[in-house]
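Engineer: Have a look; sequence and predicted model below, questions after that.
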Amino acid sequence: SWVYGSHSSRDEVPHDNPLSIDDPGAMSPSAQRRIVATIVAAYVTGFMGSLYLLVANAAAAGNDLHPQDFSLAAGFAALPLVGALIEWRQPGNRTGRLLLAIGVGMVLAVLTSAWAAYALRAHPGSLPGGQVAAWLATWVVVPSLGIAPWFFATFPSGRIETRWLRRVSWIAAAALTLLAVSEAFVPGPIDGVDAGFAPIPNPLGVSRLRGVLEGTSAIAVMAIVAFVVATIGDLIVRYRRSLGERRLQMRWLAAATPILPVSMAIGIALPDPAGEVVLNVGQPLFLVGTAIGVGVAVLRYRLYELDLFIRSSLLFAALTALVLGGYVAIVAATGAVLADRAGPLPSLVAVGLVAVAFQPARARVALHHLAGRDEMLWNHAAAARAGFVRLTHQRRRQLTRRNIERLRGPPRIRDGSQAGQEADSCKAG
């Protein structure tokens, strides 16, 4: 398929782009870019259509929509856009294709469920294909989210580098196919229908096979979970063994990982509505951060600035918290001392004290930022020197091989003829 390239195996390709220019079976970069542009246009159209149908269904059902209802969709929107950028800059890179497939599949899942709710419940008969959309909504989400482990298994080279994980991936692919087929025919209501509507059943659900389909789904889910665990373990092992640019690429992938567990822990600890707001902000922020990290890692744009970015972000976050905390504490203390006669005086005093205390911290942050910039430039210079050394050694090996071939002369042909025997005897004499 287009997602996995023109050939079934690319293990011999050492670089990050699995499709070589010399490959006669590969499409031209211009043709691949046209495909990417078409997919992005279809994705944007489906995304806008999904938003329209969701708003219309909520209005018909009498439900209120809030901005946090679309936060997760906005986070998922970053994945296909970054995937399109990767595929545009590096045609044939499977990492970009997998991100595109995940984003397009998720939009298709939301669009089909919203289409079915609009055509069958909100305004019956206003749109064609309501039953088809309902059937697609039962199983499209399975392959859309199910291919996510392959993204982590193939990052950043675009291929599964471990032989045993490659075998496990084939088992997981079969399990994912079985899970999609089971969900397509298991009876029950589809997901994504507003609470004000009656449930929409699966139009192709087979009640007699409910037990068999549910058992198959359970086995398939266990196989996929095992593949996810194996992928995480392989990713950790590859990170520990990686060096140079490969390690930096994998560090960019993991840069946004702490956002999800931290936001979930804070959201669960805080009472509503503050906890719900943290969860609604943390999940899309994790998706957007992961997409940006993947784009930087694969395209190698500002690859060496991760440490500087993290340290500067932590410093500015701590400094912001210190300033806000100091301002609130000074305002509260001044207001308590002056009581009712305070007026705007506590705020003015707080602003003055915070401004005076901020100057040394600001200078310290600036010096740290300059030190980090110098370290980044040193890393760039070290990488350039390493590349020059590799090129020099490669050129030296080529020249040595040519000199050896020149000293050996043309290959001598031995045959059983009389001329050949005479030539050999003359050379021996």
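Structural biologist: Yep, it's here. For clarity, every value in this text was computed on a predicted model and none was experimentally measured.

Engineer: Would you confirm that residue 299 contacts residue 85?
Structural biologist: Yes. Counting by Cβ atoms under 8 Å, residue 299 does reach residue 85; the two are 7.5 Å apart. Using the backbone N, CA and C atoms, a C-beta is placed for each residue, glycine as well.

Engineer: so who does the residue nearest to residue 144 when sequence neighbours are not counted touch?
Structural biologist: Once its chain neighbours are removed from consideration, residue 144 has its nearest residue in residue 105; the separation is 2.7 Å (Cβ to Cβ, 6 or more residues apart in numbering). Residue 105 is in contact with 140-141, 143-145, 147, counting by Cβ atoms under 8 Å, 6 or more residues apart in numbering.

Engineer: Distance-wise, check residue 105 relative to residue 250.
Structural biologist: Residue 105 is 25 Å from residue 250, where distance means Cβ to Cβ, to the nearest Å.

Engineer: same thing with residue 30?
Structural biologist: Using Cβ to Cβ, one obtains 32 Å as the distance from residue 30 to residue 250.

Engineer: So the two - more neighbours on which side?
Structural biologist: Under the criterion of other Cβ atoms under 10 Å, the comparison of residue 30 against residue 250 puts residue 250 first, with 20 against 8.

Engineer: per-residue confidence at the closest residue to that one other than its chain neighbours?
Structural biologist: In space, and not counting its chain neighbours, residue 250 is closest to residue 239: 4.7 Å by Cβ to Cβ, 6+ apart. The per-residue pLDDT reported for residue 239 equals 87.

Engineer: Surely residue 239 touches residue 248?
Structural biologist: No. Between residue 239 and residue 248 no contact is recorded; they are 10.7 Å apart, counting by Cβ under 8 Å.

Engineer: helix or strand right after the strand or helix carrying residue 105?
Structural biologist: Assigned by DSSP states H and E, residue 105 belongs to helix 94-117. Read in the C-terminal direction, the helix or strand following helix 94-117 is helix 130-139, with elements assigned using DSSP H and E.

Engineer: Flag every buried residue along that following helix.
Structural biologist: The neighbour-count check on helix 130-139 (16 or more other Cβ atoms under 10 Å) flags 130, 133-139 as buried.

Engineer: Return the distance of the residue nearest to residue 144 relative to residue 269.
Structural biologist: Distance from residue 105 to residue 269, by Cβ to Cβ: 33 Å.

Engineer: got it, and residue 202?
Structural biologist: Here the criterion is Cβ to Cβ. By it, residue 202 lies 39 Å from residue 269.

Engineer: Compare residue 239 and residue 248 and say which is more crowded by neighbours.
Structural biologist: residue 248 (21 against 15).

Engineer: From residue 290, how far out is the more buried one?
Structural biologist: The spacing between residue 248 and residue 290, counted by Cβ to Cβ, is 16 Å.

Engineer: Likewise for residue 138?
Structural biologist: Here the criterion is Cβ to Cβ. By it, residue 138 lies 28 Å from residue 290.

Engineer: can you pull the buried residues of the helix or strand containing residue 178?
Structural biologist: In this structure, residue 178 sits in helix 163-185 according to DSSP H and E. The neighbour-count criterion (16+ other Cβ under 10 Å) identifies 165, 168-169, 172-173, 175-176, 178-185 as the buried residues of helix 163-185.

Engineer: That one relative to helix 130-139, how many degrees between them?
Structural biologist: Relative orientation of helix 163-185 with respect to helix 130-139: 150 degrees, computed using axes from the mean of the first three to the mean of the last three Cα atoms, to 10 degrees.

Engineer: Just the C-alpha atoms of helix 163-185, please, in CSV.
Structural biologist: Output in CSV follows, covering the C-alpha atoms of helix 163-185 (Å, rounded to 0.1, in the frame of the first residue of the first chain):
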residue,chain,number,x,y,z
ARG,A,163,13.8,-9.0,13.4
TRP,A,164,11.8,-10.5,16.3
LEU,A,165,9.6,-7.4,16.5
ARG,A,166,9.0,-7.6,12.7
ARG,A,167,7.6,-11.1,13.2
VAL,A,168,5.4,-9.9,16.1
SER,A,169,4.1,-7.1,13.9
TRP,A,170,2.7,-9.5,11.4
ILE,A,171,0.8,-11.3,14.1
ALA,A,172,-0.5,-7.9,15.4
ALA,A,173,-1.5,-6.9,11.8
ALA,A,174,-3.6,-10.1,11.5
ALA,A,175,-5.1,-9.4,15.0
LEU,A,176,-5.9,-5.8,14.0
THR,A,177,-7.7,-7.1,10.8
LEU,A,178,-9.7,-9.6,12.9
LEU,A,179,-10.6,-6.9,15.3
ALA,A,180,-11.9,-4.6,12.6
VAL,A,181,-13.9,-7.4,11.0
SER,A,182,-15.4,-8.4,14.3
GLU,A,183,-16.4,-4.8,15.1
ALA,A,184,-18.0,-4.5,11.6
PHE,A,185,-20.4,-7.3,12.3
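
Engineer: Verify the assumption that residue 196 is located in a strand.
Structural biologist: No. Residue 196: not assigned to a strand; according to DSSP: H, G, I helix; E, B strand; the rest coil it is coil.

Engineer: quick one, what contacts it?
Structural biologist: For residue 196, the set of contacting residues under the criterion of Cβ under 8 Å, 6+ apart consists of 60-63.

Engineer: out of everything not next to it in sequence, what's closest to it?
Structural biologist: If the residues on either side of it in the chain are set aside, residue 196 comes closest to residue 61, at 2.9 Å by Cβ to Cβ, 6+ apart.

Engineer: repeat for residue 120
Structural biologist: Of all residues not flanking residue 120 in the chain, residue 130 sits nearest, at 4.4 Å (Cβ to Cβ, 6+ apart).

Engineer: burial of residue 122, as a residue count?
Structural biologist: The criterion is other Cβ under 10 Å. On that basis, residue 122 has 22 neighbouring residues.

Engineer: Quick one, grab the pLDDT at the residue nearest to residue 120.
Structural biologist: Value for residue 130, per-residue pLDDT: 91.

Engineer: And it, how close does it get to residue 123?
Structural biologist: With Cβ to Cβ as the criterion, residue 130 and residue 123 are 10 Å apart.

Engineer: Let me see the contact set for residue 160.
Structural biologist: By Cβ under 8 Å, 6+ apart, the residues touching residue 160 are 150, 153-154, 166, 169.

Engineer: Let's see that with 10 Å instead.
Structural biologist: Contact analysis of residue 160 by Cβ atoms under 10 Å, 6 or more residues apart in numbering lists 10-11, 94, 150, 153-154, 166-169, 231, 234.
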